[in-house]
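**Student:** just coords:
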């Protein structure tokens with residue numbers, strides 16, 4: 001991580017109040033940022049206020065019931081993540097498939113127990129042909145083992161960015177891959193004790209950065225976007241904490 005992000009993270013840990021309500025707010029805020037980023041990057045036009053409404057369970061006639069169901073599934077996935085984090089579990093293929101069962105309409109499991117794709121598509125938005133589906137189980141295992149534990153990598157944020165992009169390259173879950181590669185990124189951020197940011201990329205920008213990586217293996221554009229988003233998120237949380245502190249604690 002950059003010195004600026006490491007400094008902000010250290011400041012957040014030092015200022016973080018012991019109040020359980022703050023932790024509850026942070027958890028909900030992380031989920032909110034992940035879901036809004038997910039909607040934005042997959043091309044679904046939805047407002048921040050709508051995401052907040054759905055997560056709070058406040059019913060509105062203009063919001064599809066499918067959004068409420070998806071929010072509930074995301075909460076279940078997040079609970080599973082918290083349990084895995086408590087056990088200090090590293091990201092693996094079965095964990096990803098478990099989340100896929102929660103937030104997608106899964107196909108029949110493969111013989112290896114995963115829900116990885118069983119076809120050989122062309123990914124037109126990335127102008128890319130992913131590896132043959134019979135190879136992705138071993139490729140995924142190798143990838144996940146080589147980059148774990150992410151918190152012990154020389155540059156943990158860069159490792160998280162590359163792992164996310166490599167999961168896209170394998171196109172593990174077909175059209176649902178981005179849902180799960182972003183879920184993986186969410187979990188890696190939890191391992192790094194970083195609040196999840198609102199990713200500052202549209203679907204068009206995200207697809208362009210992914211396509212660039214798949215063609216050149218250059219992750220700099222995605223890494224820069226991720227770094228900027230993380231810094232902004234840390235900055236905003238710290239601003240809120242400073243505003244809430246009594247003046248004599250400044």
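**Tutor:** Looks like it arrived, so ask away. Bear in mind the structure is a predicted one, so any value in this text is a computation, not a measurement.
**Student:** What pLDDT does the model give residue 26?
**Tutor:** pLDDT for residue 26: 90.
**Student:** let me fix that: residue 16
**Tutor:** At residue 16, pLDDT is 87.
**Student:** again, but for residue 200
**Tutor:** Listed pLDDT for residue 200 reads 89.
**Student:** Please list the outside residues in contact with the longest helix along the chain.
**Tutor:** The residue-count maximum for a helix in the chain (DSSP state H) belongs to helix 220-244. For helix 220-244, the surrounding residues in contact (CB atoms under 8 Å, 6 or more residues apart in numbering) are 2, 4-5, 8-9, 11-12, 15-17, 26, 29, 33, 157-158, 160-161, 164-165, 194-201, 205, 208-210, 212-213, 250. Just so you know, the C-beta spots here come from the backbone N, C-alpha and C atoms, and that holds for glycine as well.
**Student:** Which of the residues you listed are buried? Put it as a PyMOL command.
**Tutor:** Typed into PyMOL, the line below selects the buried ones among the contacts of helix 220-244, using 16 or more other CB atoms under 10 Å:
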select buried, resi 5+8+9+11+12+29+33+157+158+160+161+164+165+194+195+196+197+198+199+201+205+208+209+210+212+213
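**Student:** Strands - which of the contacts of helix 220-244 land there?
**Tutor:** With strands taken from DSSP state E, there is no overlap with those.
**Student:** helices or strands up against the worst-scoring helix or strand of the chain on mean pLDDT?
**Tutor:** Every helix and strand in the chain was compared by mean pLDDT, DSSP states H and E; the lowest is helix 48-56, with a mean of 82. Applying 3 or more CB pairs under 8 Å, 6 or more residues apart in numbering; DSSP states H and E, one finds that helix 48-56 contacts helix 20-41, helix 65-86.
**Student:** and among the ones you listed, the most buried is which?
**Tutor:** Highest mean neighbour count of these: helix 20-41, a mean of 17 (counted as mean count of other CB atoms under 10 Å).
**Student:** list the helices and strands it packs on?
**Tutor:** Against helix 20-41 (3+ CB pairs under 8 Å, 6+ apart) you get helix 48-56, helix 65-86, helix 177-191, helix 203-216, helix 220-244.
**Student:** Give the full set of residues in contact with the closest residue to residue 48 other than its chain neighbours.
**Tutor:** Leaving aside its chain neighbours, residue 48 sits nearest to residue 36 (5.9 Å; criterion: CB to CB, 6 or more residues apart in numbering). Residue 36 makes contacts with 46, 48, 51, 198, as judged by CB under 8 Å, 6+ apart.
**Student:** could these go into a markdown table alongside distance to residue 225?
**Tutor:** Conversion of those to a markdown table gives the following (distance: CB to CB, whole Å):
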| residue | distance to residue 225 |
| --- | --- |
| 46 | 20 |
| 48 | 18 |
| 51 | 20 |
| 198 | 11 |
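**Student:** Isn't residue 97 up against residue 114?
**Tutor:** Yes. Here residue 97 reaches residue 114: they are 4.4 Å apart, a contact under CB atoms under 8 Å.
**Student:** Surely residue 51 touches residue 39?
**Tutor:** Yes. Using CB under 8 Å, residue 51 and residue 39 qualify as a contacting pair, with a distance of 6.8 Å.
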